[in-house]
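> here is a sequence with its predicted model. Questions after.
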Amino acid sequence: MSTTTAPNSADVTKSKPASDTGSRKARGREHRSPLASLLSHGLLIVASLIALFPIAWLVYLSLGPDKDDYLHPGGIWDKMTLDNYSFVLQHTAFFDWLKSSLIVSLGTTVIGVLAAATTGYAVSRMRFPGYRKFMWVLLVTQMFPIAVLIVPMYQLLSELQLIDSYFGLVLVYCATAVPYSAWLLKGYFDTIPFEIDEAGRVDGLTPFGTFFRLILPLAKPGLAVAAFYNFITAFGEVAFATTFMLDDQKYTFAVGLQSFISEHDAQRNLMTAAAVLIAIPVAAFFYLVQKNLVTGLTAGGTKG
């Protein structure tokens, strides 16, 4: 005859998984009253409307046929037209601006991210004499205003015969974007375990092989943030592009917009239409990297 022993209450309590208690506490913390949920959603909606209103207003003004419609925007509704977009695309150097902007922006992105990634990785993994001072020097370079840098940069590019060349402008933008990108990527590389580098050495990889085959694939979110920053820096900059690009066919978008402003007249309807068209490449680039942007921004700030 078999006998069984009933578990006592202490055993039953010990046998309950600890995750149940943790999940109940988590659900308790996440539970909010209907009023709190309503207020949070309301604040998010208001913030979204505030962020979207300038864009919607720009699109709305671009549909007005007259250059003075911005003074009485209520009348645009009854006479909306796409003639401004048609004029910009057919009667301006819009596609030359597009080509120049993409060459400069993508060149800055590729060269700048590669330089920043190698710099950030070296400072994150290697302890050479003066590495801390080196990073502080990179940070100090961000403190100088553009007006101070234009003259010495112009002299350097002139001696190198890079005035009015895409490559010269790419180098200028890399000089301004790489220091910040290197700091950002250094913080992200710090979050990647050093054991991965050691595993690469055990497998016979060189330091460059470890960097390109193991570290860079894990650093995609950080690279996406750096790439977006480099792209935006080159795409929307005006002062350097105006100074170093002499041929009007090599103007970028930001400089091309100035062609709609003369001494006595400002064709604001055409400016707004061109601004909307200019935003399309930036929006497309943002869509390509947006999946990794949030992860890269948050993870890069966990360690300094």
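Arrived safely, thanks for sending.
> skipping its backbone neighbours, what lies nearest Leu246 in space?
Asp164 (4.4 Å; CB to CB, 6 or more residues apart in numbering). Any C-beta I mention is one placed from the backbone N, CA and C, and that applies to glycine too.
> gap between that neighbour and Tyr154?
11 Å (CB to CB, to the nearest Å).
> for the most centrally placed residue in the chain, give me the pLDDT.
In the chain, the centroid-proximal residue (CA atoms, centre = their mean) is Phe228; its distance is 2.9 Å. Predicted confidence (pLDDT) for Phe228: 89.
> now do the contacts for Leu138.
Residues near Leu138 by CB atoms under 8 Å, 6 or more residues apart in numbering: Thr119, Val178, Pro179, Ala182, Trp183.
> redo those residues as JSON lines? Include secondary structure and pLDDT.
As requested, those are exported to JSON lines (DSSP: H, G, I helix; E, B strand; the rest coil; pLDDT from 0 to 100):
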{"residue": "Thr119", "secondary structure": "helix", "pLDDT": "89"}
{"residue": "Val178", "secondary structure": "helix", "pLDDT": "90"}
{"residue": "Pro179", "secondary structure": "helix", "pLDDT": "89"}
{"residue": "Ala182", "secondary structure": "helix", "pLDDT": "89"}
{"residue": "Trp183", "secondary structure": "helix", "pLDDT": "87"}
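> just the buried ones from those, in PyMOL syntax?
To isolate the buried members of those in PyMOL, using 16 or more other CB atoms under 10 Å:
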select buried, resi 119+178+179+182+183
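> reformat the contacts of Leu138 as TSV; add distance to Pro129.
TSV is the format used below for these (distance: CB to CB, whole Å):
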residue	distance to Pro129
Thr119	16
Val178	22
Pro179	20
Ala182	18
Trp183	20
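> and of the contacts of Leu138, the nearest to Phe208?
Minimum distance to Phe208 across the contacts of Leu138 is 14.3 Å, recorded for Thr119 (CB to CB).
> how about the closest one: what's its closest non-neighbour residue?
Nearest residue to Thr119, sequence neighbours excluded (CB to CB, 6+ apart): Ala182, at 4.2 Å.
> my guess is the one you found contacts Ala116. True?
Yes - under the criterion of CB atoms under 8 Å, Ala182 makes contact with Ala116 at 4.4 Å.
> all set now, cheers.
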